[in-house]
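# Let me see the structure of the following:
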Amino acid sequence: VSEDLCAPGGLGGDQTFRTAAVTRFADSWHNADFTMRGLPSFYPPSYFWVLGRLSHVFGLEPWRMLKIGTIVTAFLVPILAFVLWRRVVSDRVAALFSVVVIVVNNFYEPYAWMVIVAIVPWWLEVMHGLRREGAKPGNPVALGVVGALLVMTYPYFFALAVIAFVLHLVAERAAGTIDRQRIVRSAKVLAVTGIVSAPYWLPLVLSILRSDQPSSLANRWFNAGHTTLPMPMLENTPVGVVALVGFVYLVWAVKRDAVARGLLTFLVAAYCWYLLGALGVATEHPLLSFRGKPMIPMVLLFGGLLGLVRFTEFASSRWDRDDVARVAVALAVALGVYVSQTFVSEIRDSSLIKAANEASISSAASDLENTIESLVGRHATLVSSRLDLLVLYPNHAFVVWDAHYAHPAAEFDQRVAYLRDLSHVNDPQEFADRAAHNPYDAIDAFVLNVDPDTDELVYTVTADDFPKGVKKIEIRFSRAQFADFDLFPVGGDVLAVRI
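Modelled structure (predicted):
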């Protein structure tokens, strides 16, 4: 891979499943899991589907398309923020809010970045009924389609949004101001959202219901830092100062500013989600609450800028308007320079960019893939210790390489146990038969590391080890077990294909 063409993160970590997803959709437009044969997409597919189809149309490698997607998203996110916020607040405030989304960026997960930016103004309009003065009510169908796109891109933040709406209803009920017509209208929008997004969630739900032993392992990724409560308003930085202003303004204006009240419900919801996440960790059912961390500084910065705008409006009514405007422009320019420098520095110094620059594709991967395709065909199901064969080519994994990326209906633990049992089968014919005929998928080929000390063939997979994170599992095979296979040594690996 050329140094300047890999997405942040290179070909490691979460970027492996993202690359595999784009590879899958570059190969086919069907809704399919990025690596498990016969299962629908587990991860929300829309972002990867678009990149995959564009990769197919323009003849670009999927891994290259990921970087292009990241760059395009970085340009689109501020525009998306402005377009959605200007339905709720004035153009001036919406423009300032579009700067916030660059400060609270997530270029490693551009699809999540888009959704966290979009969901707050969309939710405030749909569920809280907020609109700028003079704006016409949004079409329920159009709003529902927008919601469906958010669901099919990254549904995680809807959990926080639901908590925010519950808090909003509690406050309205206490004040005796519940608007039932608005609730009915909101329900219509959500119904459209559910119907339009059904091609994603309905096959997923059905696949889980049909599975003999479904399990959710994705949410079990955990380390000690995930429970740390984010408090950006206490940081000794310019962002921390604006966040503190936002915290003070949202609390102070909760009774007089509907937008501030809506933002405060999101802030409280984010902290509630953290507390629920801590409870989940204690009961060994974590919620990945750390994923909601960007919501807190983003909402606080929204609040800080909203408070500064309100103060500017107040000052203009008491002091010379030109003087106030001059100061406001100077502060806006200073803020813009700081945001630009911060964004560039974060990208330049990021370890994710270093990983991207150091990523490479070995010629062995291409040789192995060509051999597999000539003997088995495309879309082979592999037991492979090599990620590149599963990420860069549209092959299927018998077991996904990391338990935390496993489809809930894929029965990860049961598949690993089956391979353990298979490693103890000494009769070569029985070994080959059981590899070809099993309750899961027919194994077309094995790609295994060679242990130079024992000459054993080794399969390695990453398993869940909550709350410690992950652990490596090794399953060892002898060469004698593959007597009914053709063996092709490639570097330090062996490709085994049934005769």
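
# Show me where the protein dips below the pLDDT cut-off.
1-10, 314-317, 319-325, 327-328, 332, 335-336, 338-361 (pLDDT under 70).

# just so I have it, where are all the strands in it?
Taking DSSP state E as the test, the strands found in the chain are 381-384, 396-397, 445-450, 457-464, 470-477, 485-490, 493-498.

# Specify the stretch among those that is closest to residue 422.
strand 470-477 (8.1 Å; Cβ to Cβ). Quick note: C-beta positions are derived from backbone N, CA and C, even for glycine.

# tell me what the closest one is packed against?
For strand 470-477, the elements it packs on are helix 412-423, strand 457-464, judged by 3 or more Cβ pairs under 8 Å, 6 or more residues apart in numbering; DSSP states H and E.

# which helices and strands sit right next to the shortest one?
In this structure, strand 457-464 packs against helix 412-423, strand 445-450, strand 470-477, with contacts taken as 3+ Cβ pairs under 8 Å, 6+ apart.

# That one: which residues count as buried?
Residues 457, 458, 459, 461, 462, 463, 464 are the ones in strand 457-464 that count as buried (16 or more other Cβ atoms under 10 Å).

# re earlier: of all the strands of the chain, which one is nearest residue 101?
strand 470-477 (31.8 Å).

# Describe which strands the closest one pairs with in its sheet and in which direction.
Sheet pairing here is set by DSSP bridges, and for strand 470-477 it gives strand 457-464 (antiparallel).

# Please state the offset of the partner strand from the chain centre?
24 Å (Cα atoms, centre = their mean, to the nearest Å).

# Could you dump the strands of the chain into TSV with distance to residue 223 added?
Shown next, in TSV, are the strands of the chain (distance: least, Cβ to Cβ, whole Å):
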stretch	distance to residue 223
strand 381-384	27
strand 396-397	25
strand 445-450	27
strand 457-464	13
strand 470-477	10
strand 485-490	35
strand 493-498	31
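
# Mind checking those strands for the one nearest to residue 155?
Of all the strands of the chain, the one in closest proximity to residue 155, counting by Cβ to Cβ, is strand 457-464 (22.0 Å).

# Also compute the angle for that closest one relative to helix 412-423, please.
160 degrees (axes from the mean of the first three to the mean of the last three Cα atoms, to 10 degrees).

# nearest residue to the residue nearest to the spatial centre of the chain other than its sequence neighbours?
Residue closest to the mean C-alpha point of the chain, counted by Cα atoms, centre = their mean, is residue 112 at 5.0 Å. Spatially, and ignoring its direct neighbours in sequence, residue 112 is nearest to residue 154 (4.7 Å; Cβ to Cβ, 6 or more residues apart in numbering).

# ok, the one you found - contacts?
The neighbours of residue 154, taking Cβ atoms under 8 Å, 6 or more residues apart in numbering as the test, are 44, 47, 109, 111, 112, 114, 115, 116.

# Inside helices: which ones of the residues you listed?
The helices, defined by DSSP state H, take in 47, 111, 112, 114, 115, 116 from these.

# Make TSV out of these and add distance to residue 27.
Below are the ones in helices among the contacts of residue 154 laid out as TSV (distance: Cβ to Cβ, whole Å):
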residue	distance to residue 27
47	17
111	20
112	24
114	24
115	26
116	30
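
# filter those residues to the buried ones?
By 16+ other Cβ under 10 Å, the ones in helices among the contacts of residue 154 give 47, 111, 112, 114, 115, 116 as buried.

# tell me which of those residues is nearest to residue 235?
Closest to residue 235, out of all of those and judged by Cβ to Cβ, is residue 116, at 19.5 Å.

# wait, isn't residue 214 in contact with residue 208?
Yes: counting by Cβ atoms under 8 Å, residue 214 does reach residue 208; the two are 4.7 Å apart.

# out of the two, which sits in the busier spot?
Neighbours per residue, other Cβ atoms under 10 Å: of residue 214 and residue 208, the larger number sits with residue 208, 17 against 14.

# need the contact list for that one.
214, 408, 409 are the contacts of residue 208 under Cβ under 8 Å, 6+ apart.

# Distance check, the first one against residue 57.
Counting by Cβ to Cβ, to the nearest Å, the separation of residue 214 from residue 57 is 35 Å.

# Can you give me the neighbour number for residue 365?
21.

# Name the nearest residue to it, ignoring sequence neighbours.
residue 388 (4.1 Å).

# For the one you found, give its distance to residue 16.
For residue 388, the distance to residue 16 - Cβ to Cβ - is 9 Å.

# One more: residue 373?
According to Cβ to Cβ, residue 373 and residue 16 sit 21 Å apart.

# quick revisit: quick one, phi psi at the residue nearest to residue 112?
Residue 154 has phi and psi values of phi -170, psi 90 when expressed as degrees, to the nearest 10.

# residues in contact with residue 463?
403, 416, 470, 471, 472, 473.

# out of these, which are buried?
The neighbour-count test (16+ other Cβ under 10 Å) applied to the contacts of residue 463 identifies 403, 416, 470, 473 as buried.

# how about CSV for those, with distance to residue 219 added?
Below are the buried ones among the contacts of residue 463 laid out as CSV (distance: Cβ to Cβ, whole Å):
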residue, distance to residue 219
403, 11
416, 19
470, 14
473, 20
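
# Out of the residues you listed, which is nearest to residue 143?
Lowest distance from residue 143 to the buried ones among the contacts of residue 463 (Cβ to Cβ) belongs to residue 403, with 37.6 Å.

# Surely the closest one is in contact with residue 215?
No: contact between residue 403 and residue 215 fails when scored by Cβ under 8 Å: they sit 9.3 Å apart.

# residues shared between the contacts of the two?
With Cβ under 8 Å, 6+ apart as the test, residue 403 and residue 215 both reach 412, 413.

# count of neighbours near the residue lying closest to residue 145 once chain neighbours are set aside?
Nearest residue to residue 145 in three dimensions, chain neighbours excluded: residue 196, at 5.6 Å (Cβ to Cβ, 6+ apart). The number of residues packed near residue 196 is 18, by other Cβ under 10 Å.

# right, and residue 196 touches residue 144 too?
Yes: look at residue 196 against residue 144 with Cβ under 8 Å: they come within range, at 6.3 Å.

# show me what contacts residue 225?
Residue 225 sits in contact with residue 290, where contact means Cβ under 8 Å, 6+ apart.

# again but with residue 369, I slipped
Taking Cβ under 8 Å, 6+ apart, one finds 389, 392, 393, 395 in contact with residue 369.

# try 7 Å this time
Residue 369 is in contact with 389, 393, counting by Cβ atoms under 7 Å, 6 or more residues apart in numbering.

# now do residue 438
Contacts of residue 438 by Cβ under 7 Å, 6+ apart are residue 418.

# if you set the cut-off to 6 Å instead, what comes out?
By Cβ atoms under 6 Å, 6 or more residues apart in numbering, residue 438 lies in contact with nothing.

# circling back: identify, from the ones in helices among the contacts of residue 154, the entry nearest to residue 140.
residue 115 (20.4 Å).

# For residue 413, see how far away residue 280 is.
As judged by Cβ to Cβ, residue 280 and residue 413 stand 20 Å apart.

# same check, this time on residue 311
57 Å.

# just residue 105 next, same as before
Distance from residue 105 to residue 413, by Cβ to Cβ: 36 Å.

# More neighbours: which of the two?
residue 105 (21 against 16).

# What distance do you get for the more buried one to residue 472?
From residue 105 to residue 472 the distance is 33 Å (Cβ to Cβ).
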